[in-house]
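**Q** what follows is a predicted protein model with its sequence.
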Amino acid sequence: MISPEKKMDLLLSLCKRRGFIYPDSDIYGGFANAWDYGPYGIELKNNIRDAWWKRFVHAREDVVGVDTPIIQHPKVWEASGHLATFSDPLVEDKKTHKRYRLDHLLEAQGVDVSGMSFEQMAAKANEAGLKSPDGNVLAEPKQFNLMFKTFVGVSEDTAATAYLRPETAAGMFTAWKDIRDTMRKKLPFGIAQVGKAFRNEITPGNFIFRTREFEQMEIEYFVKPDQSPAMFEMWLGEMKRWVEDVLKLDPSHVVYKEIPEADRAFYSARTIDVEYHYPFGQKELYGLANRTDYDLSRHQEFSGEDLRWFDEESRERFIPHVIEPTWGLSRTVLAVLCEHLDIDEAETSEEGEKEPRMVLRLPARLAPVKAAVLPLQKKDGLADLGKELAQKIRAAGLVVEYDESGSIGKRYRRQDEIGTPLCFTVDYQSKEDGTVTVRDRDAMTQERVKMDDVVAFIQSKIQ
Ligand code: GAP
């Protein structure tokens with residue numbers, strides 16, 4: 001059995017070695033907790049994003065998309081409550097000046113912080129004589145706002161202060177009025193957005209799990225107030241199906257945690273955190289919240305615009321309630337990589353040493369490369385035949401790799417490590433009868449298919 005620490009080490013090295021995720025600004029020694037998605041990483045991330053958009057926007061009559069700016073009117077954050085309350089409790093080691101999250105330090109001491117206010121946590125730390133992990137005295141706890149500040153225009157004064165969005169959700173609320181007035185939708189309906197969000201996290205870490213810049217896929221689903229319990233259940237079901245049918249995460253690795261009232265955001269009538277068993281522990285993957293009429297009411301108050309819905313049947317005007325399913329895209333990439341990385345230690349290298357054999361058993365639909373074409377030999381026209389087949393696959397819009405270098409075993413292994421579901425080998429028989437061998441990454445079966453049928457064969461496997 002491989003230890004969770006070893007699994008994370010192997011995953012990190014695989015991600016770098018095989019072009020999924022590199023440390024950002026590597027030539028400058030890296031920039032802490034910032035990562036570049038390499039050629040395969042961006043394909044995987046885009047495939048997840050596209051599957052999500054197809055499923056929740058294109059395939060549904062009741063959801064429309066939007067794309068709003070990262071820097072919005074500063075009033076948005078006043079109205080949303082982020083300026084006043086979007087903070088984490090921060091403590092600083094007086095000697096090393098390292099900063100920590102107070103709630104994390106208390107939890108590490110076995111204190112249950114659920115439901116505790118900032119003041120209660122500060123009192124508890126005081127009472128227990130809490131020290132930093134290095135054993136030093138801590139300064140008084142502070143509330144630290146997680147929003148990144150910037151300046152818009154040519155002057156760097158408070159009048160020009162703006163913020164990078166800490167969640168994509170706000171854009172759906174600010175665009176609500178225009179969408180309500182132009183899209184001829186009926187309640188319930190949702191607005192979806194995918195994009196970057198920024199949080200000045202006190203303790204980023206665990207690879208791409210918690211970073212200061214990350215991507216979210218969110219839906220704000222507007223409902224009549226009495227529909228919200230049923231619509232909450234509907235979205236919970238949708239989230240479960242996404243996790244199981246698209247990401248193919250083992251249901252036993254996913255926990256749907258009902259958040260008690262004391263731990264919910266004050267405006268939330270119900271919250272479920274979707275948690276995943278990462279190698280470094282069970283932690284949040286997604287969230288589902290009933291945000292009631294909080295956001296639209298606040299934006300109505302701060303903007304002075306009428307954001308109510310007019311219900312044709314009852315002839316009433318009211319502020320819709322909102323069910324918000326939210327999916328972290330970067331965290332999905334991590335969960336998918338952790339789930340599908342299969343490590344087999346028994347393999348022996350050509351030099352006679354044991355070394356881990358790694359296979360990324362990604363769902364075919366999410367795999368960065370759908371197929372590889374490998375000629376058995378470069379000579380005797382096999383390479384030309386292989387290149388021709390690869391071009392045919394590429395022309396059909398499928399991502400394919402042609403590889404003629406190294407032993408066939410090494411080439412299969414390279415493709416296994418990047419999760420390619422199908423490898424087509426061109427051999428001498430191909431020249432005679434126009435067939436190639438197809439090797440299935442997971443079943444390890446080999447069968448022959450006609451070169452003319454290869455595109456349809458791949459398409460049938462990646463649905
Ligand atoms: N609009 C609701 C909202 O933003 P959240 O729980 O704060 O709720 C939603 O964030 C999702 O965004 C999380 O479930 C997680 O997947 C992702 N996320 C949040 N902070 C993150 C970070 N620092 N790094 C990577 N992903 C993050």
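**A** Looks like it came in fine. Only a predicted model underlies this, so the values are computations on that prediction, with no experimental measurement involved. Residues are numbered from 1 along each chain as shown.
**Q** can you name the residue of the stretch 301-450 of the chain nearest the ligand?
**A** Residue nearest to the ligand within the stretch 301-450 of the chain (Cβ to the nearest ligand atom): residue 328, separated by 2.0 Å. For glycine as for every other residue, the C-beta is placed from the backbone atoms N, C-alpha and C.
**Q** measure residue 3 to residue 339 for me?
**A** Note on residue 3: its distance to residue 339, by Cβ to Cβ, to the nearest Å, is 17 Å.
**Q** and if you look at residue 155?
**A** Going from residue 155 to residue 339 by Cβ to Cβ gives 49 Å.
**Q** quick one: name the residues of the protein near the ligand.
**A** 167, 169, 199, 201, 210-211, 214, 216, 218, 284-287, 324, 326, 328, 330-331 (Cβ under 6 Å from any ligand atom).
**Q** more neighbours: residue 155 and residue 339, which one.
**A** residue 339 (22 against 9; other Cβ atoms under 10 Å).
**Q** run a quick check on the more buried one versus residue 243, I expect a contact.
**A** No. Applying Cβ atoms under 8 Å, one finds residue 339 not in contact with residue 243, separated by 10.0 Å.
**Q** list residues touching both of the two?
**A** When contacts are counted by Cβ atoms under 8 Å, 6 or more residues apart in numbering, residue 339 and residue 243 have residue 249 as shared neighbours.
**Q** what about the strands in the stretch 1-150 of the chain?
**A** In the stretch 1-150 of the chain, the strands defined using DSSP state E, counting those that start in this stretch lie at 21-23, 35-37, 63-65, 87-92, 99-101, 142-145, 149-151.
**Q** which among the ones you listed is found nearest to residue 191?
**A** strand 63-65 (5.9 Å; Cβ to Cβ).
**Q** just the buried residues of stretch 85-98, please?
**A** 86-93 (16 or more other Cβ atoms under 10 Å).
**Q** turn these into JSON lines, columns for pLDDT and distance to residue 291.
**A** Output for the buried residues of stretch 85-98, formatted as JSON lines (pLDDT from 0 to 100; distance: Cβ to Cβ, whole Å):
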{"residue": "86", "pLDDT": "92", "distance to residue 291": "15"}
{"residue": "87", "pLDDT": "92", "distance to residue 291": "19"}
{"residue": "88", "pLDDT": "92", "distance to residue 291": "20"}
{"residue": "89", "pLDDT": "94", "distance to residue 291": "23"}
{"residue": "90", "pLDDT": "94", "distance to residue 291": "26"}
{"residue": "91", "pLDDT": "95", "distance to residue 291": "30"}
{"residue": "92", "pLDDT": "94", "distance to residue 291": "33"}
{"residue": "93", "pLDDT": "94", "distance to residue 291": "37"}
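**Q** closest to the ligand out of these?
**A** Of the buried residues of stretch 85-98, the one sitting nearest to the ligand (Cβ to the nearest ligand atom) turns out to be residue 86, at 9.1 Å.
**Q** leaving out sequence neighbours, find the closest residue to the closest one.
**A** residue 146 (5.5 Å; Cβ to Cβ, 6 or more residues apart in numbering).
**Q** give the contact list for the one you found.
**A** Counting by Cβ under 8 Å, 6+ apart, residue 146 has contacts 86-88, 166, 199-201.
**Q** where does the stretch 351-463 of the chain have low pLDDT?
**A** 351-353 (pLDDT under 70).
**Q** if we use 90, what do you get?
**A** Counting by pLDDT under 90, the stretch 351-463 of the chain shows low-confidence ranges at 351-357, 443-445, 463.
**Q** helices along that one, start to end?
**A** Here the stretch 351-463 of the chain has its helices, by DSSP state H, counting those that start in this stretch, at 382-395, 408-418, 428-433, 454-461.
**Q** mean neighbour count for these - can I get that in CSV?
**A** As requested, the helices of the stretch 351-463 of the chain are exported to CSV (neighbours: other Cβ atoms under 10 Å):
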stretch, mean neighbour count
helix 382-395, 17
helix 408-418, 18
helix 428-433, 13
helix 454-461, 16
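**Q** which residue is nearest the middle of this protein?
**A** residue 329 (2.0 Å; Cα atoms, centre = their mean).
**Q** that one: what's its closest spatial neighbour, skipping adjacent residues?
**A** Residue 329 sits nearest to residue 215 (Cβ to Cβ, 6+ apart), 3.8 Å away.
**Q** picking that back up, of the helices of the stretch 351-463 of the chain, which is nearest residue 233?
**A** Among these, the nearest to residue 233 by Cβ to Cβ is helix 454-461 (33.7 Å).
**Q** now do the SS call for the residue nearest to residue 363 when sequence neighbours are not counted.
**A** Among residues not flanking residue 363 along the chain, residue 248 sits closest, at 4.8 Å (Cβ to Cβ, 6+ apart). What DSSP: H, G, I helix; E, B strand; the rest coil gives for residue 248 is coil.
**Q** now residue 178
**A** helix.
**Q** now for it, how many residues are close by?
**A** Residue 178 has 10 neighbours, counted by other Cβ under 10 Å.
**Q** show me the shaky parts of the stretch 101-250 of the chain.
**A** For the stretch 101-250 of the chain (pLDDT under 90), the answer is 114-115, 117, 153-160.
**Q** helices along that one, start to end?
**A** Counting by DSSP H, counting those that start in this stretch, the helices of the stretch 101-250 of the chain are 102-108, 118-128, 169-174, 176-182, 228-241.
**Q** most packed of the ones you listed?
**A** When you average the neighbours per residue for each of those (mean count of other Cβ atoms under 10 Å), helix 169-174 leads with a mean of 24.
**Q** got the contact list for that one?
**A** Against helix 169-174 from outside (Cβ under 8 Å, 6+ apart): 66-69, 72-73, 76-77, 80, 82, 165, 191-193, 195, 218-220, 295-296, 299, 324, 326.
**Q** repeat that with 6 Å
**A** With contact meaning Cβ atoms under 6 Å, 6 or more residues apart in numbering, helix 169-174 is reached by 68, 76, 80, 191, 193, 218, 220, 295, 299.
**Q** now do stretch 313-321
**A** 222-223, 225, 228, 292-293, 296-297, 308-310.
**Q** try 10 Å
**A** Residues from elsewhere that reach stretch 313-321, judged by Cβ atoms under 10 Å, 6 or more residues apart in numbering: 176, 180, 187-189, 220-228, 231-232, 269, 290-297, 299-300, 306-311.
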